[in-house]
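**Student:** Provided below for reference: sequence and predicted model.
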Protein chains: 2
Amino acid sequence: MCSGPCQGHQGQNGRHDRVDGCCAGGGRVRGFLQARLLLLLEQEPDYGYALLERLGSETGAGGVDPGLLYRTLRQMERDGLVASTWDTEGQGPARRRYQVTPEGVEMLHAWAARIDQTRRRLGEFLDQYGKSFEDRKQEEMV
Amino acid sequence: MCSGPCQGHQGQNGRHDRVDGCCAGGGRVRGFLQARLLLLLEQEPDYGYALLERLGSETGAGGVDPGLLYRTLRQMERDGLVASTWDTEGQGPARRRYQVTPEGVEMLHAWAARIDQTRRRLGEFLDQYGKSFEDRKQEEMV
DNA sequence: CCCATCTATATGACACAGTCATATATAGCA
DNA sequence: TGCTATATATGACTGTGTCATATAGATGGG
């Protein structure tokens, strides 16, 4: 509908107020979920539902869509980055437990390099922005 | 085809070598072009073709697709973030000269806030990554 | 004059991550 | 029996970004 650096869906009051109540996921890093999953799984193998909670609590605002999470994990398995085994031990429904493959670790390193690079580019943007609005900084500080 | 933190299209040798010769634009910040355009136009009003060059020379690797650029500018105009006038003064084809509207400036501020936030999240990821691979750092330094 | 090239804007087709809604099944509890 | 929590999964859709291609004015060479 419209563009801009906004959260997913329509904001909390239905109508959107142009600047921060807007639409499409602006500012999000493409594929970042994959990187975060590789890192989490490298630290400790786990299954989807648990990863969902680890992702949620990691940062306050990092709510992740379950559908995306499961599809991403399956895709990563197809790509050979992770491997899964069914776990029927605990109570409740069976769980698909994932662990990282050597290729997954390689990919994680590639992600880290790429993210570092992206982070620098964002820094450059913010520097430029800072130069253009140095005087107006006080008003922003409210 | 596959996922990962990779450049656009198929890499330079046709076949892709899994980690850095892969496919989809991993690591890119969604909508970042809009933010960069708002900042450039705020610094100095300009037309599409010139912006293309300013974006290209800004960072070494920042090649931007012309189709995306023009469509993004038109979209931003529809959203009221920029305004355009035809310029038939110079030689060559007519140019559509853009300038930022007050709403565009507001949006730029929103973008800056969002990008700062994104940058912090990337930093957190890299910190976590660093902790997990502290020992292997030397090999990475090659 | 014709043709190639540079400048300048634009559209069509498509890939892909992410969003939202919904389906399915197991298990525990009231 | 119905309700909730756990757990995995699919369908439909949006929007950014990629790649190829179209169009047109201006310029200079053969």
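**Tutor:** Looks like it came in fine. Residues are numbered from 1 along each chain as shown, chains lettered A, B, ... in the order given.
**Student:** Tell me the strands beside the helix or strand containing residue A:99, with direction?
**Tutor:** Assigned by DSSP states H and E, residue A:99 falls within strand A:95-100. Strand A:95-100 sits in its sheet next to strand A:46-47 (antiparallel), strand A:82-87 (antiparallel), going by DSSP bridges.
**Student:** tell me the mean pLDDT over the shortest one?
**Tutor:** Spelled out, that is strand A:46-47. Mean pLDDT, strand A:46-47: 96.
**Student:** Could you do the longest one as well?
**Tutor:** Model confidence over strand A:82-87, given as mean pLDDT, is 96.
**Student:** quick check, that strand touching DNA strand C?
**Tutor:** No. Using Cβ under 7 Å from any atom of the strand, strand A:82-87 stays clear of DNA strand C, with a minimum separation of 12.3 Å. Bear in mind the C-beta positions are built from the backbone N, C-alpha and C, glycine included.
**Student:** contacting residues around that strand?
**Tutor:** A:37-38, A:41, A:47, A:73, A:76-77, A:94-101, A:104 (Cβ atoms under 8 Å, 6 or more residues apart in numbering or on different chains).
**Student:** Buried by neighbour count: which residues of that strand qualify?
**Tutor:** Of all the residues in strand A:82-87, those buried under the rule 16 or more other Cβ atoms under 10 Å in any protein chain shown are A:82, A:84.
**Student:** From the chain's centroid, how far away is it?
**Tutor:** 22 Å (Cα atoms, centre = their mean, to the nearest Å).
**Student:** CA atoms only for that strand, dumped as PDB, please.
**Tutor:** What follows is strand A:82-87, C-alpha atoms only, in PDB (Å, rounded to 0.1, in the frame of the first residue of the first chain):
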ATOM      1  CA  VAL A  82      21.100 -27.800   9.100                       C
ATOM      2  CA  ALA A  83      20.000 -31.400   9.700                       C
ATOM      3  CA  SER A  84      17.000 -32.600  11.700                       C
ATOM      4  CA  THR A  85      15.900 -35.600  13.600                       C
ATOM      5  CA  TRP A  86      12.500 -36.400  15.100                       C
ATOM      6  CA  ASP A  87      12.400 -36.300  18.800                       C
END
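**Student:** Which single residue in chain A comes nearest to DNA strand D?
**Tutor:** residue A:67 (2.5 Å; Cβ to the nearest atom of the strand).
**Student:** In terms of helices and strands, where is that residue?
**Tutor:** Using DSSP H and E, residue A:67 falls in helix A:66-78.
**Student:** swap in residue A:106?
**Tutor:** Going by DSSP H and E, residue A:106 is part of helix A:102-132.
**Student:** Tell me if that helix is near DNA strand D.
**Tutor:** No. If you take Cβ under 7 Å from any atom of the strand as the test, helix A:102-132 misses DNA strand D, and the best it gets is 11.6 Å.
**Student:** residues touching residue A:26, list them.
**Tutor:** Contacts of residue A:26 by Cβ under 8 Å, 6+ apart are A:3, A:4, A:5, A:6, B:30, B:31, B:34, B:111, B:114.
**Student:** and the fifth one, how many residues sit next to it?
**Tutor:** Which is residue B:30. 18 (other Cβ atoms under 10 Å in any protein chain shown).
**Student:** pLDDT check: weakest of the contacts of strand A:82-87?
**Tutor:** residue A:94 (92).
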